[in-house]
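[1] mind folding the following:
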Amino acid sequence: MVQAQPRTGPTITWKPLPDDFQLPDDPVENIQQPPLAAALTDALGAAQRIRPEMLIGSNFGLVVRMNGEIVVKAPDWFYVPRVNPYPPELVRRSYTPHLEGDPVAVVMEFLSAADNGELSIRTTQPYGKLYIYEQILQIPTYVIYDPAVAKLEVRCLEAGHYVSQLPNAQGHFWIPSLNLFLGIWPGERLAQTLNWLRWWDADGNLLLWSSEQADMERQRAETERQRADRLDALLRAQGIDPDQP
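    Residues are numbered from 1 along each chain as shown. As a prediction, the model looks like this:
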């Protein structure tokens, strides 16, 4: 068990989740949340930026004990730089920061029509997400995104409190722990048109999804085939059989 005491407030402990603890099984708040989260992770994987020691998840329980009470928050997307090895025969049910690895570095919440406490500082049950992320888990970067109106907000922890960040000239926000920019990209992925969240590297290059990389590879192969066909036709027009050694 790891124990920590904030400057003021409850006693915080980092203990394993009991095997018989029933994690919340709430449905996602809108149909856009799963594809938004999947697209973020897909681009990192396609760019070979995901390493075995990382933990990236969606709607997955982050666990802390406050005055002995188990509190679980399940962000729509999160990133942990390094976690302790987990037995391959077991399925990770949740993540307890400090006990099982690094603190969580980034959390994201995708807004829906319902108020689910994304900006709440409520310090009693049900605890506000902003309160838990800022004061208890002390997560360095908190992203809030409303896909319905394409509004993106990024808050970074400074002196124990979240401070809203400003985007660059392209409207992208720097995410320090990932060394990437995050921004909005309207378009289509897997036959679904959305205001997607996407990554850009420090030089402003868009990280492609795996489907986009596959499309580019098909285009390169088709271009090469057409080039070979033109050369073949040119040689035959000159009376040369390209199939002859």
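
[2] so which elements touch the lengthiest helix in the chain?
    With secondary structure taken from DSSP state H, the chain has its longest helix at helix 210-237. The contact analysis (3 or more Cβ pairs under 8 Å, 6 or more residues apart in numbering; DSSP states H and E) places helix 210-237 against helix 33-46. (C-beta placed from N, C-alpha, C; glycine too.)

[3] buried residues in the helix it packs on?
    33, 35, 36, 37, 39, 40, 42, 43, 44, 46 (16 or more other Cβ atoms under 10 Å).

[4] related to what we said a few turns ago, mean confidence (pLDDT) on the longest helix of the chain, please.
    If you average the pLDDT over helix 210-237, you get 83.

[5] by how many degrees do that helix and helix 33-46 diverge?
    Using axes from the mean of the first three to the mean of the last three Cα atoms, to 10 degrees, the direction of helix 210-237 lies 50 degrees away from that of helix 33-46.

[6] pull out the buried residues from helix 210-237.
    Result for helix 210-237 [16+ other Cβ under 10 Å]: no buried residues.

[7] rewinding a little: turn the buried residues of helix 33-46 into a markdown table, including pLDDT.
    Listed next are those as a markdown table, based on pLDDT from 0 to 100:
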| residue | pLDDT |
| --- | --- |
| 33 | 92 |
| 35 | 96 |
| 36 | 98 |
| 37 | 97 |
| 39 | 98 |
| 40 | 99 |
| 42 | 98 |
| 43 | 98 |
| 44 | 98 |
| 46 | 97 |
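
[8] where's the closest residue to residue 163 other than its chain neighbours, which helix or strand?
    Leaving aside its chain neighbours, residue 163 sits nearest to residue 156 (5.9 Å; criterion: Cβ to Cβ, 6 or more residues apart in numbering). Per DSSP states H and E, residue 156 falls inside strand 151-158.
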